[in-house]
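> sequence plus the predicted model coming up.
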There are 2 protein chains.
Amino acid sequence: MSHNTYTSFTDLNTLGEFGLIEALTKDHPAQQPTSIKSVGDDAAVIKNINEVTVVSTDMLVEGIHFDLMYTPLKHLGYKSVVINLSDIFAMNAEPSQITVSVAISSKYSLEAMKELYEGIYTACKMYKVDLVGGDTTSSPKGMVICVTAIGQASEADLVYRNGAKKGDIICVTGDLGASYLGLQILEREKQVYLAHPGVQPELENNQYLIERQLKPEAQAGAVAYFRKNKVKPTSMIDISDGLASELIHICRQSGTGAFIEEGKVPIHPDTERTAIDFNLDPITCALHGGEDYELLFTIDEKDLDKIRFMPEVFIIGEITDEGDGIKLHTTGGNVHDISAQGWNHFKENS
Amino acid sequence: MSHNTYTSFTDLNTLGEFGLIEALTKDHPAQQPTSIKSVGDDAAVIKNINEVTVVSTDMLVEGIHFDLMYTPLKHLGYKSVVINLSDIFAMNAEPSQITVSVAISSKYSLEAMKELYEGIYTACKMYKVDLVGGDTTSSPKGMVICVTAIGQASEADLVYRNGAKKGDIICVTGDLGASYLGLQILEREKQVYLAHPGVQPELENNQYLIERQLKPEAQAGAVAYFRKNKVKPTSMIDISDGLASELIHICRQSGTGAFIEEGKVPIHPDTERTAIDFNLDPITCALHGGEDYELLFTIDEKDLDKIRFMPEVFIIGEITDEGDGIKLHTTGGNVHDISAQGWNHFKENS
């Protein structure tokens, strides 16, 4: 476990804002043909090559969304981009540009900022998007990162949250609950470290869970699959707050109910094992943990064949009438209401 | 002078993020025909009706960019939008949408957030833009606002910083230095108030300067004038860091020099008077004060006739060869180098 204070190198005050932007962006010219003007003018310029532009933005605040005690800056940069790209994919669109604004206190050096931007640019390369603008500024205390992701699409290809209808199949693109348990492990080891600074943290056996927390990926493959196989989900959302909360969004906006089969919800064996270690129910972690960045989507029953060979897809339930409510069918044969609890629930009880 | 803590009303924790967004945005449906999908899905959707999209983003941090002791939240919301729209106008484009992300500590009530958003929506109405997305999140301490402004334009209409050439006329759209002195007055009255809480602040005689600081406007009229009169500046930038700094950007990116005539730089009589009160040179305030949000632009000599009847325009100098440097011709007949000092200079010396 390392402290990411990076106080010993080049002082940011000696560079100034323009020097800093220049130092961070100069080796990364824009690659996307639609990026006409990148960093360096009053605004970025993007060529419109499709019918609509989709835009999403998220703000990450130190002490709320990340803890620099166990979050390497490179991972933080990567994740801050990925969670925004995830929102663009959730519209069934493809991201092409991002802007990044960062507020940092003067305790950070140029080297620390370069680590953060190395993560940002690694995500840009991975997902083929350009960093075309942003802002770097001081903060009296703590770090704040605000990323805006931009993509383009045909209007007819867009998938909203409100298109689900009775009989549609509910799918997710990957296993759930791992990121939440990764966070619990990091928090536990932080407490151990704070109490006994000499003790090595036990992270080796928990690589999968920790990576899901620190370095999540956005589901570019699913959207590419939909396009290639000419299948369009009836509704879609990315799982940032937890399966339960996202399913409720879809049902509310679509005016439907839904049921989820507990036994069908994909949970990684490490998630299963670690949930039990923490005295938590694995399905609760999957429903309410959040930060999975998998896609939750519904498809018309007649399209079931078209997703049969989708590499990562799990059918977990079905859309029902609004009056039927939003239910979990447990493996024990019971039926429970699904309510939104998300992070706050866990924070209050952990 | 009032403390904007707003601690006594509806607790934000009781609402949750979705309740808060709903409460803040419900009375403001999108008006722009290009706003296809506003707040409420994974991303906003904007119809592409012109060749390019222009995007600009800025982050405002409490304690760095604003002091809530003398900044009403409504003004803060208004200003945070305006300074981003200003960047879109500086491209000779027109803004149509914004996204707003806000991080706030739990000390703020729903009523406080509503004041902030009232200012945001007032700016939206004034400049005919839609708030189509964003993020609201907690902060351990202090407020951070990140606005992204989006507009569309024909590629041929865009004006960059790099198009100035020798012989071009240098213009600004309004008087400079007022906002900086407005800030000095607010800071002075804050110190008086802190030392003697019973004393009424002296703000009445300084209405103009304070309004330039707390409620700046973006230069929509200038861009409309250019379009109507078929004149296109050769380069343009908005004055956020100060005339000197912005002129240097234009000259560096265009590969030119420039001279400014001190006697031609527009300075409001209140700025003049107050600069002297503060023992500052008015031209220094105009060159380095910043936050004027006027447009600095250059036009080809042959277009001089076309801006003759432009309602607010001041010709202040001329573009020269790069080797001639960037100079101020003083009213006393001297020639000085213009260097970038911007805010930091003032902060260190005040």
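Arrived safely. Here the structure is a predicted model, which is why all the values come from computation and not from measurement. Numbers count the residues shown, from 1 in each chain, chains lettered A, B, ... in the order given.
> all contacts plus neighbour counts: C-alpha atoms, from now on.
Noted.
> ok, and for the host helix or strand of A:Ala224, which residues are buried?
Counting by DSSP states H and E, the element that carries A:Ala224 is helix A:220-228. Applying a neighbour-count criterion of 16 or more other CA atoms under 10 Å in any protein chain shown, one finds A:Ala220, A:Ala222, A:Val223, A:Tyr225, A:Phe226 buried in helix A:220-228.
> immediately after that helix, which helix or strand?
Defined by DSSP H and E, the subsequent element after helix A:220-228 is strand A:235-238.
> who does that following strand touch, helix- and strand-wise?
helix A:73-89, helix A:243-254, strand A:295-299 (3 or more CA pairs under 8 Å, 6 or more residues apart in numbering or on different chains; DSSP states H and E).
> which parts of the stretch 201-350 of chain A sit against chain B?
The stretch 201-350 of chain A comes close to chain B at residues A:Ile237, A:Asp238, as judged by CA under 8 Å from any CA of the partner chain.
> what about the stretch 201-350 of chain A, any weak spots by pLDDT?
Scanning the stretch 201-350 of chain A for pLDDT under 70 picks out the ranges A:202, A:341-350.
> now the strands for it?
In the stretch 201-350 of chain A, the strands defined using DSSP state E, counting those that start in this stretch lie at A:235-238, A:256-261, A:295-299, A:314-321, A:326-329, A:335-337.
> repeat for the stretch 1-150 of chain A
Using DSSP E, counting those that start in this stretch, strands in the stretch 1-150 of chain A cover A:35-37, A:44-47, A:52-61, A:94-104, A:130-138, A:144-153.
> a markdown table for the ones you listed, including distance to chain B and mean neighbour count?
Formatted as a markdown table, these follow (distance: least, CA to the nearest CA, whole Å; neighbours: other CA atoms under 10 Å in any protein chain shown):
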| stretch | distance to chain B | mean neighbour count |
| --- | --- | --- |
| strand A:35-37 | 9 | 19 |
| strand A:44-47 | 4 | 26 |
| strand A:52-61 | 4 | 26 |
| strand A:94-104 | 6 | 24 |
| strand A:130-138 | 6 | 24 |
| strand A:144-153 | 7 | 27 |
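> identify whichever of the ones you listed lies nearest to A:Glu246.
Closest to A:Glu246 of the strands of the stretch 1-150 of chain A is strand A:52-61 (CA to CA; 16.6 Å).
> how far off centre is the closest one?
12 Å (CA atoms, centre = their mean, to the nearest Å).
> now that strand: mean pLDDT?
Within the predicted structure, the mean pLDDT of strand A:52-61 is 95.
> how about residues contacting that strand?
A:66, A:80, A:83-84, A:87-88, A:93, A:142-155, B:42-48, B:99, B:101-103, B:133-139 (CA atoms under 8 Å, 6 or more residues apart in numbering or on different chains).
> also stretch A:239-255?
A:161-165, A:176, A:235-238, A:257-258, A:286-296, A:321-322, A:326, A:338-343.
> swap the cut-off to 6 Å and go again
Outside stretch A:239-255, the residues within contact range by CA atoms under 6 Å, 6 or more residues apart in numbering or on different chains are A:161-164, A:257, A:287-295, A:322, A:340, A:342.
> would you confirm that A:Leu296 contacts A:Ser235?
No: with contact defined as CA atoms under 6 Å, A:Leu296 does not reach A:Ser235; the gap is 8.4 Å.
> still on that earlier bit, closest one of the buried residues of helix A:220-228 to B:Asp270?
A:Ala220 (57.0 Å).
> chain neighbours aside, what residue packs nearest to that closest one?
Leaving aside its chain neighbours, A:Ala220 sits nearest to A:Phe89 (6.5 Å; criterion: CA to CA, 6 or more residues apart in numbering or on different chains).
> domain ranges for chain A?
A:12-155, A:169-349 (automatic domain parsing).
> can you list those in CSV and add distance to B:Leu243?
Putting these into CSV (distance: least, CA to CA, whole Å) gives the following:
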stretch, distance to B:Leu243
domain A:12-155, 15
domain A:169-349, 43
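> quick one: contacts for the residue of the stretch 201-350 of chain A found nearest chain B?
In the stretch 201-350 of chain A, the residue that lies nearest chain B is A:Ile237 (6.5 Å; CA to the nearest CA). Contacts for A:Ile237 (CA under 6 Å, 6+ apart) come out as A:Ala90, A:Leu295, A:Leu296.
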